[in-house]
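Q: Quick one: sequence plus predicted model below, questions after.
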Amino acid sequence: MGHLLQSPLAFFTPPSGASPNAEHINSLYKITLAIALVIFILVEGALVYALLKFRARKGAVAAQIRGNTRLEAGWTVAAALILLALAVLTFSKLGAIQNPPNSGPNGDALVGDSGLLYASAERKLPPNGKSLNIHVIGRQYIWQYVYPGATEPDGLGAPYSYVEMVVPTETTVTLDVTSADVVHSWWVPDLGGKFQAVPGYHNYTWFKIAKPGVFTGQCAVLCGRGHATMRATVRAIPPAQFDAWLAKQKQDIAEANSEAKLARAKLGSQTGAGQVENP
Ligand SMILES: [Cu+2]
C-alpha cells in the first residue's frame, strides 16, 4: 500500500531503493515493462481498430487473407531484436546484481575478511574480500542470524539474533543462507531477490544499505503450519551503534550461558530426598 502512495508506477515494479542490487533489478524491470507496454498498446490498439472498422454489417462478405510474407517476417525479426536487446541489457546488469561492491568509506571498521572461511564458485565477495558475513538459518518457524565472532574453534560462541537482523549502514553484508529443517525462502524485497534456504546447502546473496532504516520480509516458501508468521526484519543502524549492539548481544548470550551452566550444576548436585524422579 505504501508503494501505491509513492508513485503509481512503483505499484507495478519491484521494491527498491535500499540496496544497489535491488536498484538494478528494479531498473531492469522498468525497461522491460516499458517495452511490454508499447507492444501492449500496439496490439490492443490494432485489435480495437479492427473490431470497430470491420464489425459485421448486413450483406458484407469477409475477405479471405492467406498470409503476408513481409508482415510475418517483420514481426518475427522485430520480436527477435527485442529479445536480443533485453538479453544484452540483462547480462550487462547481472554483474552489478550478483557481485557485491566494497563497503563505503564510512562502513563498519570491524568488518573482516570473509574469504578465509572457504572458497566457493557461487559465493561472491567484494573486490577487497571484506564484508560482514552473516549466516541466515531458516528454522520452523523463525529466522536465526549468526554473526562473525565465534569464540571456539568449531564456530560456537558466535553472537546471534532471531527474527530481526541488525546490520551497519554503508557496509557490504554478505549472507550465507541455509536451513536447519525444511526448505524456507529468505525474502526482504527492498534488499533484492529471494533466496532459498535449503538444509545441507548454502545459497549466497548480499546487500549494502546506505541509510538507517527498517526493512521487512517474509519467508517466501510454504514451510509448514507456522509459515505465515515466519517474518524477517533487517534493521540498519550506523556502524558505531552496530558495534555496540553486537558487543551487548555477545555479553547477554554469555551471561545467559553462564546462568544456564549454574542452573545445570545445581540440578546435577541435587541428590537424595531433594532429587526429582523422572516426571
Ligand atoms: Cu515458510
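A: Received, thanks. Numbers count the residues shown, from 1 in each chain.
Q: can you count the residues close to the residue in the stretch 51-200 of the chain positioned nearest to the ion?
A: Closest approach between the stretch 51-200 of the chain and the ion, counting by Cβ to the ion: H184, at 5.0 Å. C-beta coordinates here come from the backbone N, C-alpha and C atoms, glycine included. By the measure other Cβ atoms under 10 Å, the count of residues near H184 is 32.
Q: And A236, by the same measure?
A: 26.
Q: And A265, by the same measure?
A: So A265, with other Cβ under 10 Å, has 9 neighbours.
Q: quick one: it is in a helix?
A: Yes: assessed by DSSP: H, G, I helix; E, B strand; the rest coil, A265 belongs to a helix.
Q: How about the contacts made by it?
A: By Cβ atoms under 8 Å, 6 or more residues apart in numbering, the contact list for A265 is empty.
Q: could you measure it against the ion, distance?
A: 38 Å (Cβ to the ion, to the nearest Å).
Q: For E259, see how far away that residue is.
A: 11 Å (Cβ to Cβ, to the nearest Å).
Q: Around the nearest residue in space to the residue of the stretch 51-200 of the chain closest to the ion that is not next to it in sequence, how many other residues sit close by?
A: Counting by Cβ to Cβ, 6 or more residues apart in numbering, G138 is the residue found nearest to H184 once chain neighbours are left out, at 3.1 Å. Counted with other Cβ under 10 Å, the burial measure for G138 works out to 27 neighbours.
Q: Correct me if wrong: G138 contacts V221.
A: No: counting by Cβ atoms under 8 Å, G138 stays clear of V221, with 9.1 Å between them.
Q: which neighbours do those two share?
A: Residues touching both G138 and V221 (Cβ under 8 Å, 6+ apart) are 183-185.
Q: from what I can see the residue of the stretch 51-200 of the chain closest to the ion touches L222, true?
A: No: assessed by Cβ under 8 Å, H184 is found out of contact with L222, at 9.5 Å.
Q: just checking, what packs against the lengthiest helix in the chain?
A: Ranked by residue count under DSSP state H, the longest helix found in the chain is helix 20-53. Packing partners of helix 20-53 (3 or more Cβ pairs under 8 Å, 6 or more residues apart in numbering; DSSP states H and E): helix 69-98, strand 203-208.
Q: So which bits of the shortest one are buried?
A: What that stands for is strand 203-208. By neighbour count on 16 or more other Cβ atoms under 10 Å, the buried set for strand 203-208 is 203-208.
Q: what helix or strand does the residue of the chain most remote from its centre sit in?
A: Relative to the mean C-alpha coordinate of the chain, counting by Cα atoms, centre = their mean, the farthest residue is G59 (61.8 Å). Using DSSP states H and E, G59 sits in no helix or strand.
Q: Show the low-confidence segments of the stretch 51-200 of the chain, by residue range.
A: 115-121, 155 (pLDDT under 70).
Q: Near the ion, which residues of it? Just list them.
A: Counting by Cβ under 5 Å from the ion, the residues of the stretch 51-200 of the chain close to the ion are H184.
Q: just to revisit the earlier point, and the helices and strands packed on helix 20-53 as CSV, adding distance to P105?
A: Shown next, in CSV, are the helices and strands packed on helix 20-53 (distance: least, Cβ to Cβ, whole Å):
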stretch, distance to P105
helix 69-98, 20
strand 203-208, 13
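Q: Would you mind finding the most buried of those?
A: strand 203-208 (a mean of 22; mean count of other Cβ atoms under 10 Å).
Q: Tell me the strands beside that one, with direction?
A: strand 172-179 (antiparallel) (DSSP bridges).
Q: which SSE is the spatially closest residue to A232 that is not a sequence neighbour in?
A: Leaving aside its sequence neighbours, A232 sits nearest to G217 (Cβ to Cβ, 6+ apart; 4.2 Å). Assigned by DSSP H and E, G217 belongs to strand 213-218.
Q: who touches that strand?
A: With contacts defined as Cβ under 8 Å, 6+ apart, strand 213-218 is touched by 18, 186-191, 209, 230-236.
Q: what mean pLDDT does that strand have?
A: For strand 213-218, mean pLDDT rounds to 94.
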